[in-house]
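Chemist: The sequence and its predicted three-dimensional model are supplied below.
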Amino acid sequence: MAKVQLCNVVVLDNPSPFQNPFQFELTFECIEELKEDLEWKMIYVGSAESEEHDQILDTIYVGPIPEGKHMFVFQTYPPDVSKIPVADALGVTVVLLTCAYRGQEFVRVGYFINNEYTEPELKENPPAQPQFDKVVRSILASEPRVSRFKINWDDTETNRQPEGSVMSANNEVGFSEDSQSAMEVM
């Protein structure tokens, strides 16, 4: 059984100018004390064609963690635009939040993002080089994709195995949306 359950993720400052920081309020519950850190990562997918354009925006370590419910805001700078292919700068992409314990990822939450110009002239005639100062990032907060993995929470050897397929807001896991663009894992 997982010792940490992700309870809630709220997308803050959404929609937002592309160059604003990403901000997620994360709430998780620890069912027993963890002596080692949880490793949280935020990853921006720069291109659907290749992982080489993915950017780890930030990694934070939280711990040791006492039993109970905990909340923090994970905020990080936007991606480095020089590493995003011009053809993939606008349109749909993904941001991922992952959490690992002892190097073993046990939960991944993905959100679709739509990057677009808001000015009609730029929408109709986009410049050859994206003008990121005029791009707005909209995260589809109401439909997160969650994957959970079984891991070894103790010191014994085991293999990481998915607990199930990718889950959406409409499946049996029991996600619900609230007025703050949140997802709740029950």
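Modeler: In hand now; what should we look at? Numbers count the residues shown, from 1 in each chain.
Chemist: Walking through this protein, point out its strands one by one.
Modeler: Assigned by DSSP state E, the strands in the chain fall at 4-11, 16-17, 22-30, 38-45, 55-62, 68-76, 91-101, 104-117, 135-139, 145-150, 161-162, 177-178, 182-184.
Chemist: tell me which residues of the fifth one are tucked away?
Modeler: In other words, strand 55-62. By neighbour count on 16 or more other C-beta atoms under 10 Å, the buried set for strand 55-62 is 57, 62. For glycine as for every other residue, the C-beta is placed from the backbone atoms N, C-alpha and C.
Chemist: Can you list the strands that it pairs with?
Modeler: strand 38-45 (antiparallel) (DSSP bridges).
Chemist: Could you tell me how many residues sit around the nearest residue in space to Q23 that is not next to it in sequence?
Modeler: Of all residues not flanking Q23 in the chain, L12 sits nearest, at 3.9 Å (C-beta to C-beta, 6 or more residues apart in numbering). Counted with other C-beta atoms under 10 Å, the neighbours of L12 add up to 17.
Chemist: Residue ranges in the chain under the pLDDT threshold?
Modeler: Scanning the chain for pLDDT under 70 picks out the ranges 155-186.
Chemist: coming back round to it: CSV please, covering the strands of the chain and showing distance to K83.
Modeler: Shown next, in CSV, are the strands of the chain (distance: least, C-beta to C-beta, whole Å):
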stretch, distance to K83
strand 4-11, 23
strand 16-17, 19
strand 22-30, 16
strand 38-45, 9
strand 55-62, 6
strand 68-76, 15
strand 91-101, 13
strand 104-117, 14
strand 135-139, 15
strand 145-150, 23
strand 161-162, 29
strand 177-178, 32
strand 182-184, 28
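Chemist: Would you agree the residue nearest to Q23 is in contact with P21?
Modeler: No: using C-beta atoms under 8 Å as the test, L12 is too far from P21 to be in contact (9.3 Å).
Chemist: and the end-to-end length of stretch 111-127?
Modeler: Using C-alpha to C-alpha, to the nearest Å, one end of stretch 111-127 lies 27 Å from the other.
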